[in-house]
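K.L.:
Next one to model:
(2 chains)
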Amino acid sequence: MNSASCAAKISTQPFSLNPTSPTSHDNPLVFPKPTSLFLGSTRKLRLSSSSKLNLHRRSGTVVAVSDVVKQKKSKSTPSLLITKEEGLELYEDVILGRAFEDMCAQMYYRGKMFGFVHLYNGQEAVSTGFIKLLKQQDSVVSTYRDHVHALSKGVPARAVMSELFGKTTGCCRGQGGSMHMFSREHNLLGGFAFIGEGIPVATGAAFTSKYKREILKEADCDHVTLAFFGDGTCNNGQFFECLNMAALWKLPIVFVVENNLWAIGMSHLRATSDPQIYKKGPAFGMPGIHVDGMDVLKVREVAKEAIGRARRGEGPTLVECETYRFRGHSLADPDELRDSAEKAYYAARDPITALKKYLIENSLASEADLKAIDKKIDEVVEDAVEFADESPVPSRSQLLENVFADPKGFGIGPDGRYRCEDPKFTEGTAHV
Amino acid sequence: MLGIVRQKMLEQSLKKIPPAVSVLRSYSSAAKQMTIRDALNSALDEEMSADSKVFLMGEEVGEYQGAYKITKGLLDKYGPERVLDTPITEAGFTGVAVGAAYYGVKPVVEFMTFNFSMQAIDHIINSAAKTNYMSSGQISVPIVFRGPNGAAAGVGAQHSQCYAAWYASCPGLKVLAPYSSEDARGLLKAAIRDPDPVVFLENELLYGESFPVSDEVLDSSFCLPIGKAKIERKGKDVTIAAYSKMVGYALKAAETLEKDGIDAEVINLRSIRPLDRSMINASVRKTSRLVTVEEAFPQHGVGAEICASIVEESFAYLDAPVERIAGADVPMPYAANLERMAVPQVEDIVRAAKRTCYRSVS
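P.N.:
Modelled structure (predicted):
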């Protein structure tokens, strides 16, 4: 039984007032080690057995643990969670996410963006907290709410904005759109419209990473995959199938649940028999963690452990981030079913405000530093819009391109002609 | 010899008057307008009140009033046991609905778009379509799968596919594609009353469009036959066969063609499976030219099937090759100008009709 307390709930602890000893399948779980970074300064935050998620089965209102409130009660923290450089990097990323999405809304209502646009306002802590710990070769698989995942992963704001405008300079040359952001260079594997569709794709990417290391003998291949998806997806069969396979084959993947409590207009509580998603991890033999997804630093601590586990080859982790989307499901959603008290509760826990407060209170940055970053990001986003505006629309010839990577099969031979046109090809004398 | 026998059989079937399921009464036609959305909503409402075995199931059909507001007000009227909001699990809830239909209840399953039905296609084909055959008539599956089908505006490749051809190729399924409000009401009612699995393909962009409806259509026992097409516009020079949104485009094309002296006959297919081959053949025998229009991918599509049917039955009557207008053979692009190029436009239909009339070569 881990004696160190931590704010993030670990599913090995049963959910009652009397903590009992762990069940047998806790033993193979190395998460968390007493020496792990995960228990860093969060040690000061009480995990009492009473700090549980109070789920009222009313129409959608969830009163969650107020970890922010608990932080105020703690003693002063001697060790900080981040350095100044890290802090500024995180701040810049959350501000970029927020400013970009707000600009998307403006552009949509001006008619420059069209179709389905799903914005990420309020959930920035999850994207920044996780993706900023990755290397370029690590992959991210997302859903239709993928603009900020793309930005955090390193896709330039210009490329994302152009893609949203449907211009040929977009990251997919205008052929994907808001919901299908792909970047080979940054290993962003999409961008999927069907919920649950990305999870098997992410599991496959993690599989390839392990395969490369073990079968193809690329000994230093320790690439990790992150799969982002929502609470609604956790009722989908593909989710469970992939938890099973990832744990079975010990794949280097982290399943990140962005539980924002709503799937369009369907409350998580109305759709799910057991709403505590993190508990589903141990059922498949992997740790399940619950974390406050409105706090970048808490998410980052959990992410460090989970990604570290995956990199060391210890297998997958399921992380449930309790977060909230400030806007509707998409820009076409009137958002009438969510209680305004719930919205106000989460608006007060805005991740940007919390991070700013932390940086200033711990003297990691001054107001002026942060304002400079705000200004810089404003310029980046304005520049992205200008760039996208001025970019050309795709040419007619682009319509038929890229349906196949190799339409005629077998590629082009050394003589510059299609191999399949070589009459000797079928005789086996032409070499591929 | 066989050809002559087939022709004689076709002539006999053309002379047969199909069993009329639609109730013909002599009402005066009022100039009332009704949107497709209201037509579908009223059809569901009336069928649910007439038969308590009918229930709705799908994502956001209840509290959200329907992702496209088709099921608005039904939760309040019939309660959560008959209007079920499901979790996001197409394979799961479709399988549950099919199993319920085995025991005689009549589910109407909504797919938020038919693209999502691919996650449930195993249940639609294997559990629903094939069961009556496999059980040798013991178990029929009175289920309706409905939802928007085909391209919307700027929604990208994974939200824009038309599934008419896929489902229509499977024996055991009935596939309907309404165009006007009259079609929507009549065909949905017929689908719900039908004892077999029906795939009901709506179109998102048509939901807000208004069409004139007569009092006959507004009557609660109004029903249209499954398997019968409708001639929307009579003509004598060229037959244009289309379904769903493309019927509107075909009618516009017919207006343009009229100015050039070409009198087009526009057929609204209404039913993709079973396809009303006799009506299409009769029309082509009259005009000798055919243009098929669809928004879907061209290969193995509805137009290909119609062309094959004409070649088999009415080849001697054709004066020009059959023209097939379909969407571009690419996944739907996102950029607005590319999307416009990937979907048939009125000009494409006009050009094709002119090609069949040898008025132009391109």
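K.L.:
What is the neighbour count of residue A:405?
P.N.:
Using other Cβ atoms under 10 Å in any protein chain shown, residue A:405 has 6 neighbouring residues. C-beta here means a position set from N, CA and C on the backbone, and glycine is covered the same way.
K.L.:
what kind of secondary structure is it in?
P.N.:
coil (DSSP: H, G, I helix; E, B strand; the rest coil).
K.L.:
What separation do you get for it and residue A:172?
P.N.:
Residue A:405 sits 15 Å away from residue A:172, going by Cβ to Cβ, to the nearest Å.
K.L.:
What's opposite residue B:108 in the beta bridge?
P.N.:
Going by DSSP bridges, residue B:108 is paired in beta bridges with residue B:56, residue B:144.
K.L.:
which ones are touching it?
P.N.:
Contact analysis of residue B:108 by Cβ atoms under 8 Å, 6 or more residues apart in numbering or on different chains lists B:44, B:54, B:55, B:56, B:57, B:143, B:144, B:146, B:192.
K.L.:
Mind doing that once more with 10 Å?
P.N.:
Residues in contact with residue B:108, defined by Cβ atoms under 10 Å, 6 or more residues apart in numbering or on different chains, are B:44, B:47-48, B:54-58, B:61, B:71, B:83, B:97, B:143-146, B:188, B:191-192, B:198, B:200.
K.L.:
Now residue B:186. Nearest residue, chain neighbours left out?
P.N.:
Using Cβ to Cβ, 6 or more residues apart in numbering or on different chains and skipping the chain neighbours, the partner closest in space to residue B:186 is residue B:224 (3.1 Å).
K.L.:
what are the phi and psi values for residue A:330?
P.N.:
phi -140, psi 180 (degrees, to the nearest 10).
K.L.:
Can you check the pLDDT for it?
P.N.:
pLDDT recorded at residue A:330 is 93.
K.L.:
for the residue nearest to residue B:186, phi and psi?
P.N.:
phi -110, psi 150.
K.L.:
any idea how far it is from residue A:262?
P.N.:
39 Å.
K.L.:
Tell me the secondary structure at residue B:353.
P.N.:
Under three-state DSSP, residue B:353 comes out as helix.
K.L.:
Oops, could you answer that again for residue A:327 instead?
P.N.:
Under three-state DSSP, residue A:327 falls in the coil class.
K.L.:
And for it, the neighbour number?
P.N.:
Residue A:327: 16 neighbours (other Cβ under 10 Å).
K.L.:
Just confirm it contacts residue A:122, I think it does.
P.N.:
Yes. Counting by Cβ atoms under 10 Å, residue A:122 is a contact partner of residue A:327 at 7.6 Å.
K.L.:
joint contacts of those two?
P.N.:
Jointly contacting residue A:327 and residue A:122 under the rule Cβ under 10 Å, 6+ apart are residue A:101.
K.L.:
so what pLDDT did residue 60 get?
P.N.:
Since you didn't name a chain, this refers to chain A. For residue A:60, pLDDT reads 38.
K.L.:
My question was about chain B, not that one.
P.N.:
94.
K.L.:
show me what contacts the residue nearest to residue A:232 when sequence neighbours are not counted?
P.N.:
In space, and not counting its chain neighbours, residue A:232 is closest to residue A:263: 3.0 Å by Cβ to Cβ, 6+ apart. By Cβ under 10 Å, 6+ apart, the contact list for residue A:263 reads A:195, A:230-235, A:270-272, A:329, B:59-60, B:87-88.
K.L.:
Next: residue A:172.
P.N.:
Taking Cβ under 10 Å, 6+ apart as the test, what residue A:172 contacts is A:159, A:162-163, A:180-183, A:190-191, A:402, B:333-335.
K.L.:
picking that back up, so the residue nearest to residue B:186 is in contact with residue B:189, correct?
P.N.:
Yes. In terms of Cβ under 10 Å, residue B:224 counts as a neighbour of residue B:189; the distance is 7.7 Å.
K.L.:
In strands, which of the contacts of residue B:108 fall?
P.N.:
Within the contacts of residue B:108, residues falling in strands by DSSP state E are B:54, B:55, B:56, B:57, B:58, B:83, B:144, B:145, B:146, B:198, B:200.
K.L.:
Pull the most distant pair out of those.
P.N.:
B:83 and B:198 (19.3 Å; Cβ to Cβ).
K.L.:
Helices of the stretch 51-200 of chain A, residue ranges please.
P.N.:
With DSSP state H, counting those that start in this stretch as the criterion, the stretch 51-200 of chain A has helices at A:67-73, A:84-109, A:124-131, A:147-153, A:157-165, A:198-214.
K.L.:
and if you look at the stretch 51-200 of chain B?
P.N.:
Using DSSP H, counting those that start in this stretch, the helices of the stretch 51-200 of chain B run over B:74-78, B:90-102, B:121-122, B:131-134, B:164-168, B:181-193.
K.L.:
just so I know, which of those lies nearest residue B:236?
P.N.:
helix B:181-193 (24.4 Å).
K.L.:
List, one by one, the residues from the stretch 1-150 of chain B near chain A.
P.N.:
Residues of the stretch 1-150 of chain B lying near chain A by Cβ under 10 Å from any Cβ of the partner chain: B:59-60, B:62-65, B:67, B:80, B:85-92, B:112-113, B:115-116, B:118-119.
K.L.:
What subset of the residues you listed is buried?
P.N.:
B:59-60, B:62-65, B:67, B:85-92, B:112-113, B:115-116, B:118-119 (16 or more other Cβ atoms under 10 Å in any protein chain shown).
K.L.:
Sort out for me which of those residues are in strands.
P.N.:
residue B:85.
K.L.:
you'd agree residue A:381 is in a helix?
P.N.:
Yes. Checked against three-state DSSP, residue A:381 lies within a helix.
K.L.:
ok, residue 193 - contacts?
P.N.:
Chain wasn't specified; assuming chain A. A:116, A:118, A:143-144, A:177-180, B:113, B:115-116, B:155-159.
K.L.:
that answer is for a different chain, and I need it for chain B
P.N.:
Neighbouring residues of residue B:193 by Cβ under 10 Å, 6+ apart: B:21, B:47, B:50, B:51, B:54, B:106, B:142, B:144, B:223, B:226.
K.L.:
surely residue A:100 meets residue A:384?
P.N.:
Yes. Using Cβ under 10 Å, residue A:100 is in contact with residue A:384, at 7.6 Å.
K.L.:
Neighbours of residue B:255, how many?
P.N.:
Residue B:255 has 12 nearby residues by other Cβ under 10 Å.
K.L.:
average pLDDT for the helix or strand hosting it?
P.N.:
Assigned by DSSP states H and E, residue B:255 belongs to helix B:245-259. For helix B:245-259, mean pLDDT is 97.
K.L.:
Mind giving me the packing neighbours of the helix or strand just after it?
P.N.:
Scanning forward in sequence from helix B:245-259 by DSSP H and E, the next helix or strand is strand B:264-268. Packed against strand B:264-268 by the contact rule (3 or more Cβ pairs under 10 Å, 6 or more residues apart in numbering or on different chains; DSSP states H and E) you find strand B:230-233, strand B:238-242, helix B:245-259, helix B:277-287, strand B:290-293, helix B:346-356.
K.L.:
Strand B:264-268: how far from the chain's middle?
P.N.:
Strand B:264-268 has its average C-alpha position 15 Å from the chain's average C-alpha position, going by Cα atoms, centre = their mean, to the nearest Å.
K.L.:
Who does that strand pair with, and is each partner parallel or antiparallel?
P.N.:
strand B:230-233 (antiparallel), strand B:238-242 (parallel).
K.L.:
List of residues touching the shortest one?
P.N.:
Residues lying outside strand B:230-233 but in contact with it, judged by Cβ under 10 Å, 6+ apart, are B:179-180, B:182-183, B:224, B:239-240, B:242, B:247-248, B:250-251, B:254-255, B:258, B:263-271, B:276, B:279, B:282-283.
K.L.:
let's see 8 Å
P.N.:
With Cβ under 8 Å, 6+ apart, strand B:230-233 has contacts from B:179, B:183, B:247, B:250-251, B:254, B:264-268, B:270, B:279, B:283.
K.L.:
Tell me which two of those residues sit farthest apart.
P.N.:
Between all members of the contacts of strand B:230-233, the farthest pair (by Cβ to Cβ) comes out as B:183 and B:264, at 19.8 Å.
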